[in-house]
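**Q** I would like the atomic coordinates for the input below:
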Amino acid sequence: MIRKVSFLQRKDSTGEGTDNAGYVDVTVCEIKHPPAQLCPTPEGLSSQQVVRRLILSSIVQSESSYLNSLKRILQEYHKPLLEPKNSVLNIKKVRQIFFRVQEIHQCHSMFQIALASRMAEWDRSEKIGDLFVASFSKSMVLNVYSDYINNFTNAMALIKRACMSKPAFLDFLKKKQASSSDRITLYGLMVKPIQRFPQFILLLQDMLKNTPVSHVDRLPLQLALTELETLAEKLNDQKRLADQEAEIQQLALGVGGRNFTKLLNSEHRQLIHCELLTETVYGDKGQVLKSKERKLFLLSDTLICANINLKGHPDINSLVSAGPKYSVKWCVPLMETQVVEVGHNMHDRDGDRDVPARRHSSISSTNDNMFLGPPRLYQELEELHHDLAVVEEVSLLVGTLSGTYQNLNTTVSQDWCLALHRLIRLKEEEIQNANKSHLHLSVPGKPDRSGHPVSIRVVFNTPSPLSKIFWVNRLHLAKIAQRQENNPGWECAEEDEKTKAPFTFPLLTCKLPALSSKTHTRKLNAALHSPFQSSLLGFCTATTTLPQGYLWVAGGGSNHGHVEIFSLNRVTPRLVKTIPLRTSVLCLEYVREPVVHTEEEADKSQSSAKIGNIICAGLQDGSIKVYSSLDTAVQCQLTLANPDSSPVLCLKHLLSKLFAGLHNGTIAVYQRKPGERLWDLGSCSLVPLGSEPVCCLLSVEHTVWASCANRVTAIEASSLHTQSFEAHSDPGCSVSHMARLGGGVWMAFTKSSSIHLFHIETLEPLQEVNISTRTAHLPPGQVCVSSLLICKGLLWAGTSQGIIITFPVSTLEGIPKINGKGTTSVNAHCGPVDFLVSASSTLISDLLRQDSTLNSSEVGMNGDGGQDGRLKEHVKGDERGHSRKDSSYLLDSGDHPPREQKPKQLLLQYSLYSTCQLPGKLLSAQSEQEISRTPPESLEHSLEDSSIYEVIEDPGVWVRGQPVERGEEGEVRHSRGTSTAIFSGGRGYRRIGVTASEDTCSDSTENTLLVWQLPLTFSQ
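**A** Here you go, the predicted structure:
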């Protein structure tokens, strides 16, 4: 077995010294331990068993290929370079380059032995998850891989320098690559350990999907996914830190200067983001004067733009990733940098007039009619304007004709003008879409002659709209991170603080009062997020605001209730509506619109679409108010009641049923009428659980978990059958809160500072964590958890002391076990944390498409419809024959156009379907006899006919864009950006561990909302 010697201190990740220090060298004999092989498939297996065997074979093949790659590194590169007769490279440098490769190979050799043993008995046990847990949960594996990843960038730099200084070493690498069957480079082999654990995770996810719930391998697989995700996350943090350090060092080496190097090497300054962008310089008329690639660095408080030099030997660049050299163009404070472009509307040009223009700089014009875009689009727009002026003159001349002609008259010429106006608008929209990838920044320049500050506009071309959104969001959050309340914002273990990425910890965006009253004492009881997409938000604004929608905050006193609705479509929430009630509101529930399955349901849903979002409020008097919400218009649609008028403590909606947890220990269940969105008043069913209050409800698959005292009951939503289990051994510790993620549910208890994790399938307890021991600010034995939330890989626990603690948890299908130490928020309430609520919304998909107008019009082209069918009828073969150029209607077609194409012709028409109904004779070079021979229904288009085929009222559907990216099975892939915020409610505001001041403390009796914002996340 491989073991780490305990008395040897762990070596740093520089790779210096002996390569195997602290580890016992183990040689695996392939004769005694042959490679893993799966026995022949027995008969009578189910389809899932067959799929599991195939996935297991993929795991074995993948591991065998990985071991072969590691063996190639050791035998073909490492061992020959250590031989004295070669002396191609210094032995010390060789050991630095291949640091920890031997130990990684040993780890996976041991894993392959265990895997072979498990393969031999697979048909009897069918277990693989526990093997992954046993093999990769050891700290030794993390240490070995961390050392390798930390040294990877340094190893690549050593290889690059050796190739430049030692031609023999370069020849050695080229010969090794040429002699290999797959022609893979040394870099391609050495990057495989970095990619290994993500591959394991994908394979185990497939295995879990094909494992039944009752299978013996189900829980071990979920635990294995948790361990692998935790390991991969830690290694990603290590890789990120190594890459950041390499980027900063590369920048410091290229710039030089003691002050600048000191600025970069500051401990409190982190590299948040860097990317290769194209700086574009525009002239006075919007034309592109020049463009050049720059590297933009966003640090914690500084923005740096650097010139890059990618020159290098082509042979070296093909063998190893060579880093560029930098020279700083400008360096400005972050707080003096502004994103000038606000909104995606071309006429929203806030701030344009405040930016002085300089010729030969990347500054946009202040003329409202100017558009910044690719030069081809701008030139085409200018040509359209020229053509419109000519056609308007022609229209005036046509009006002076003495004769009357069907196809040449004022009506036709005016239609030409309308068509050109439409083409101009479409071209402007196309330029606007191109500008979605333009990042406009206002940065401070040198003062003018009078000493006044001057700001200049810099325009960067980002690779995609997604990249621009990322930059705008990170610039916004970096400024929030500089505020006093976020310095510091969280207390964590020293090692976690050094390894965590920027913005890993949520940033406190704002604090605001809620349910304020000078005459009544009101308590915060509940809150929820009601999503609502606003089409009025601009392109950049949507990336910096809170999740779109409205925040409902409810509470009250002994004889009155109150609901406040805050708009989140801005940086700071704003109160837009209040709803007074006669009794206190104890809970809220948001009900999603039911999924439509049949045409009959679709018709009924359209008739009830005006209801909008449904929010249910449980009251102290036992009633449930059902509200419909359309934007800020709120109406009470229904009032439900329970037979005993028992206070409603919690609500949960599942499978068209509304579950209400009552104070008397009963669950009231309300059902919908078929095809209706509201519940039937007479459909109340009661499910007794006990004599204690039902404190919380949680939906788990097709069941609702309800807590009563120290027991939890799982209620089948369809049949209302129940199954209960004991969650705590002490009957006095009632389950107060539950939060689910993946295959586990975390529970908090009254009169207890511990939280417990249960498996949702076996109901088995998996972990217990005492949160009072995870921070120095909570006295042991005097703390209880007052609120619980899981969001974006963090478990949030609000305490009775007003302090909030977060724990990292798994986000995959595994078990959300707590593996790290707790992180304590420095920003806290003065009283208990009454609630923790998350809000998330998805950015409008059109914002993320570089050519949203074109793609939407392509759907109109290919979709079926009454008028769209006319296009297919009139223009045969045009769908596949060619693609139209932007907003052009083409006359010529062909499946294989020649290389030298003639200028494409436009069918200029706006709304006229044909000119044959217009008065007068047809103006044509043909005789009347030839015209009469042509059938009136002929589909042929003559040169003299000026009519086009009308598709629909808007000719914009003709616009064709680039084909959208599709997956392997043909599904359309759209990048999705998710905005997330966390809201906590409680009495007052304070900063723990900080001397009290007006800025760090507030009225301890005033209800306060604290708002945390998380970075935008992107996914497919």
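**Q** Bridging across strands, which residues link to W746?
**A** W746 has these beta-bridge partners by DSSP bridges: A739, L757.
**Q** Return the distance of it relative to V735.
**A** 11 Å (C-beta to C-beta, to the nearest Å). The way it works is simple: take the backbone N, C-alpha and C, and place the C-beta from them, glycine included.
**Q** Quick check: H421 vs S395, distance?
**A** 13 Å.
**Q** Look at these two and report which has more neighbours.
**A** The residue with more neighbours, out of H421 and S395, is S395; 16 against 13, by other C-beta atoms under 10 Å.
**Q** Could you grab the helix/strand/coil label for the residue lying closest to R183 once chain neighbours are set aside?
**A** In space, R183 comes closest to Q177 once its chain neighbours are excluded; the distance is 6.1 Å by C-beta to C-beta, 6 or more residues apart in numbering. At Q177, secondary structure determined by DSSP: H, G, I helix; E, B strand; the rest coil is helix.
**Q** What's the per-residue pLDDT of Q177 here?
**A** In this model, Q177 is scored at 87, pLDDT.
**Q** Report the contact partners of it.
**A** 183-186, 319 (C-beta atoms under 8 Å, 6 or more residues apart in numbering).
**Q** do the same with L649
**A** 586-587, 618, 661-663, 693-696.
**Q** again, only using 6 Å
**A** 586, 661, 663, 693 (C-beta atoms under 6 Å, 6 or more residues apart in numbering).
**Q** Give me the neighbour count for the last one.
**A** If I follow you right, that is P693. 21.
**Q** In this structure it contacts H663, no?
**A** Yes: if you go by C-beta atoms under 6 Å, P693 and H663 touch, sitting 4.7 Å apart.
**Q** Quick check: buried residues in the helix or strand K79 falls within?
**A** Assigned by DSSP states H and E, K79 falls within helix 79-82. Using 16 or more other C-beta atoms under 10 Å as the test for burial, helix 79-82 gives L81.
**Q** repeat for stretch 44-57
**A** 49, 51-53, 55-56.
**Q** ditto for stretch 86-96
**A** Going by neighbour count (16+ other C-beta under 10 Å), the buried part of stretch 86-96 is 88-89, 93-96.
**Q** Dump those to JSON lines, plus distance to N770 and pLDDT.
**A** Putting those into JSON lines (distance: C-beta to C-beta, whole Å; pLDDT from 0 to 100) gives the following:
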{"residue": "V88", "distance to N770": "58", "pLDDT": "83"}
{"residue": "L89", "distance to N770": "54", "pLDDT": "85"}
{"residue": "K93", "distance to N770": "50", "pLDDT": "90"}
{"residue": "V94", "distance to N770": "49", "pLDDT": "91"}
{"residue": "R95", "distance to N770": "45", "pLDDT": "92"}
{"residue": "Q96", "distance to N770": "44", "pLDDT": "92"}
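**Q** Among those residues, find me the one that's closest to Q106.
**A** R95 (16.3 Å; C-beta to C-beta).
**Q** May I have stretch 476-492 exported as PDB, CA atoms only?
**A** Coordinates of each C-alpha in stretch 476-492 appear next as PDB, following Å, rounded to 0.1, in the frame of the first residue of the first chain:
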ATOM      1  CA  HIS A 476     -20.000  45.800 -11.000                       C
ATOM      2  CA  LEU A 477     -19.300  43.200  -8.200                       C
ATOM      3  CA  ALA A 478     -15.700  44.300  -7.900                       C
ATOM      4  CA  LYS A 479     -16.800  47.800  -7.000                       C
ATOM      5  CA  ILE A 480     -19.300  46.400  -4.400                       C
ATOM      6  CA  ALA A 481     -16.500  44.300  -2.900                       C
ATOM      7  CA  GLN A 482     -14.600  47.600  -2.200                       C
ATOM      8  CA  ARG A 483     -17.300  48.800   0.200                       C
ATOM      9  CA  GLN A 484     -16.800  48.900   3.900                       C
ATOM     10  CA  GLU A 485     -19.400  46.300   4.700                       C
ATOM     11  CA  ASN A 486     -17.500  43.800   2.500                       C
ATOM     12  CA  ASN A 487     -14.000  44.500   3.900                       C
ATOM     13  CA  PRO A 488     -14.100  42.000   5.400                       C
ATOM     14  CA  GLY A 489     -17.500  40.500   4.700                       C
ATOM     15  CA  TRP A 490     -16.900  37.000   5.900                       C
ATOM     16  CA  GLU A 491     -14.600  35.200   8.400                       C
ATOM     17  CA  CYS A 492     -13.200  31.900   7.400                       C
END
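**Q** what about that stretch, average pLDDT?
**A** 89.
**Q** could you list every residue that touches the spatially closest residue to S810 that is not a sequence neighbour?
**A** Excluding the flanking residues, the one nearest S810 by C-beta to C-beta, 6+ apart is T226, at 4.4 Å. T226 makes contact with 810, 814-815, 817, according to C-beta under 6 Å, 6+ apart.
**Q** Which of these has the largest number of neighbours?
**A** G814 (28 neighbours).
**Q** got the buried residues for the helix or strand where T713 lies?
**A** Assigned by DSSP H and E, T713 falls within strand 711-716. Buried residues in strand 711-716, defined by neighbour count with 16+ other C-beta under 10 Å: 711-715.
**Q** what's the answer for stretch 652-662, then?
**A** Applying 16+ other C-beta under 10 Å to stretch 652-662 flags 652-654, 656-662 as buried.
**Q** Among these, which lie within strands?
**A** Residues of the buried residues of stretch 652-662 located in strands (DSSP state E): 652-654, 657-662.
**Q** which pair in those residues spans the largest distance?
**A** L654 and L662 (17.1 Å).
**Q** that older thread, out of the ones in strands among the buried residues of stretch 652-662, flag the one nearest to W705.
**A** K652 (9.0 Å).
**Q** what residues are up against the closest residue to the closest one other than its chain neighbours?
**A** Nearest residue to K652 in three dimensions, chain neighbours excluded: L697, at 3.8 Å (C-beta to C-beta, 6+ apart). Shown in contact with L697 (C-beta under 6 Å, 6+ apart): 650, 652, 659, 661, 704, 706.
**Q** Sheet-wise, list the partners of the host helix or strand of L697 with their directions.
**A** Assigned by DSSP H and E, L697 falls within strand 694-700. According to DSSP bridges, strand 694-700 forms sheet pairs with strand 703-708 (antiparallel).
**Q** Other residues contacting the partner strand?
**A** Contacts for strand 703-708 (C-beta under 6 Å, 6+ apart): 652, 654, 659, 661, 665, 667, 689-690, 692, 694-698, 712-716, 735.
**Q** Could you give the average pLDDT over that strand?
**A** Here the average pLDDT along strand 703-708 is 94.
**Q** Tell me how far that strand lies from the chain's centre.
**A** Distance of strand 703-708 from the chain centroid (C-alpha atoms, centre = their mean, to the nearest Å) equals 32 Å.
**Q** and the angle from that strand to strand 711-716?
**A** 150 degrees (axes from the mean of the first three to the mean of the last three C-alpha atoms, to 10 degrees).
**Q** Please, where are all the helices along the stretch 151-300 of the chain?
**A** Using DSSP state H, counting those that start in this stretch, the helices of the stretch 151-300 of the chain run over 167-179, 186-190, 192-209, 218-255, 258-264.
**Q** With distance to H386 as added columns, please give these in TSV.
**A** Listed next are the helices of the stretch 151-300 of the chain as TSV, based on distance: least, C-beta to C-beta, whole Å:
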stretch	distance to H386
helix 167-179	57
helix 186-190	53
helix 192-209	55
helix 218-255	47
helix 258-264	50
